[in-house]
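# coords please:
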Amino acid sequence: MMKMRTGTTSGDGELELRPGGMVVQKRTDHSSSVPRVIRVRVKYGSVHHEISINSQSTFGELKKILSGATGVHHQDMKIIYKDKERDSKMFLDLSGVKDRSKLILKEDPISQEKRLLELRKIAAKEKYTKAISDISSQVERLAGQLSAFDTVIGKGGKVEEKNLENLMEMLMNQLVKLDAISGDGDVKLKKKMQVLKIKFL
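Got it, this is the predicted structure:
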């Protein structure tokens, strides 16, 4: 397992990476005990929740259980035990939590704001990516028409000037749509590629 050191709200400790990808407090032989199911009492506002959980679970795992019971997203939670906020990576038993222990659950407005901001960023990226994809399809269609016109002209045929003007206007409209799209990373790169494609038609 990958190991690292970190400072947390419950004290400094060595962490390890579980196979599932979760970073948790590293257990040592002298601190390990036989795992068992305990019941903890968690106060949230004026309501008390009694939760059955494995004694060697993490506070993060407890938060996920509480999420189902309270409707609060687990990333928006703070768990207080013995007047200290406990890090999600820390184990219950190594933090002193025992059967019938009392904990307090609070909502963390800062974490909630960060999570919602990230969700908005993801939604915006998906929106812009779809818009660029739609524009790309239109550009491909218009490029096909332009190629057909070139073929006709190359064979000595004629293409009505109005048709060419309409085609160029539609291509310019795609540039205007692209200009209205903002974004970083992949979105910015895809946008630039479509702009260059139109300009080099």
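# assign the residue of the chain positioned farthest from its centre to helix, strand or coil.
Centroid-distance maximum for the chain: Gly156 at 56.2 Å, with Cα atoms, centre = their mean. In three-state terms, and counting by DSSP: H, G, I helix; E, B strand; the rest coil, Gly156 is coil.
# Lys125 versus that one, what's the distance?
Distance, Gly156 to Lys125, by Cβ to Cβ, to the nearest Å: 48 Å. For the C-beta atoms, the positions are set from N, CA and C on the backbone; glycine is no exception.
# nearest spatial neighbour of His73, skipping sequence neighbours?
Using Cβ to Cβ, 6 or more residues apart in numbering and skipping residues adjacent in sequence, the residue nearest His73 is Ser67, 6.2 Å away.
# off-centre distance for the helix or strand containing that neighbour?
Assessed by DSSP states H and E, Ser67 sits inside helix 59-70. For helix 59-70, the separation from the chain centroid amounts to 19 Å (computed by Cα atoms, centre = their mean, to the nearest Å).
# for that helix, buried residues please.
59-63, 65-66, 70 (16 or more other Cβ atoms under 10 Å).
# what segments of the protein are helices?
For the chain, the helices defined by DSSP state H cover 59-70, 109-154, 161-179, 186-199.
# so which elements touch the first one?
Packed against helix 59-70 by the contact rule (3 or more Cβ pairs under 8 Å, 6 or more residues apart in numbering; DSSP states H and E) you find strand 37-44, strand 47-54, strand 77-81.
# go again with 6 Å.
strand 47-54 (3 or more Cβ pairs under 6 Å, 6 or more residues apart in numbering; DSSP states H and E).
# now do the strand it packs on and helix 59-70, the angle between them.
130 degrees (axes from the mean of the first three to the mean of the last three Cα atoms, to 10 degrees).
# may I see the buried residues of strand 47-54?
By neighbour count on 16+ other Cβ under 10 Å, the buried set for strand 47-54 is Ile53.
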